[in-house]
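Peer 1: show me the folded form of this:
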Amino acid sequence: MTVKDRIVATLTRELRPEALEVLDESHQHAGHMGSRPSGESHFRVRVTAEAFAGRSRVDRHRAINALLADELRPDGIHALAIEAWAPGEAGR
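Peer 2: Numbers count the residues shown, from 1 in each chain. Below is the predicted model:
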């Protein structure tokens, strides 16, 4: 199972999102700090879930970081960009 697959599985199981997009952006960071020849080092998550209703942007990011803690270990993902919304919010 790829890192992307594990991210999708975890966020789907824990958040039951209305929408979820996980992008592996590692190719955009080739040669930069934290990049690896094998890729799977830089990701972007776009997620819409009821779990984020009434929560601040910081709280939403903290929640996702906590859910993905196993992937964010020192030898795991180097960078994770997060775009998290509650249903009905602009920006999705």
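Peer 1: what's in contact with stretch 42-56?
Peer 2: 3-4, 7, 11, 15-26, 28-29, 34-35, 60, 63-64, 77-87, 89, 92 (C-beta atoms under 8 Å, 6 or more residues apart in numbering). In this view, the C-beta of every residue, glycine as well, is placed from N, C-alpha and C.
Peer 1: whoops, I mixed them up, stretch 67-84
Peer 2: Applying C-beta under 8 Å, 6+ apart, the external contacts of stretch 67-84 come out as 3, 6-7, 10-11, 14-15, 25, 29, 33-35, 40-49, 52, 57, 60-61, 63-65, 91-92.
Peer 1: list buried residues within those residues.
Peer 2: When the contacts of stretch 67-84 are checked for burial by 16 or more other C-beta atoms under 10 Å, the buried set is 3, 6-7, 10-11, 15, 29, 35, 40-43, 45-49, 52, 60-61, 63-64.
Peer 1: among the residues you listed, name the ones in strands.
Peer 2: Among the buried ones among the contacts of stretch 67-84, the ones falling in strands (DSSP state E) are 42-43, 45-48.
Peer 1: redo those residues as JSON lines? Include pLDDT and distance to D70.
Peer 2: Converted to JSON lines, these look like this (pLDDT from 0 to 100; distance: C-beta to C-beta, whole Å):
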{"residue": "H42", "pLDDT": "85", "distance to D70": "17"}
{"residue": "F43", "pLDDT": "92", "distance to D70": "14"}
{"residue": "V45", "pLDDT": "97", "distance to D70": "15"}
{"residue": "R46", "pLDDT": "97", "distance to D70": "21"}
{"residue": "V47", "pLDDT": "97", "distance to D70": "18"}
{"residue": "T48", "pLDDT": "97", "distance to D70": "23"}
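Peer 1: I'm done for today, thanks for sticking with me.
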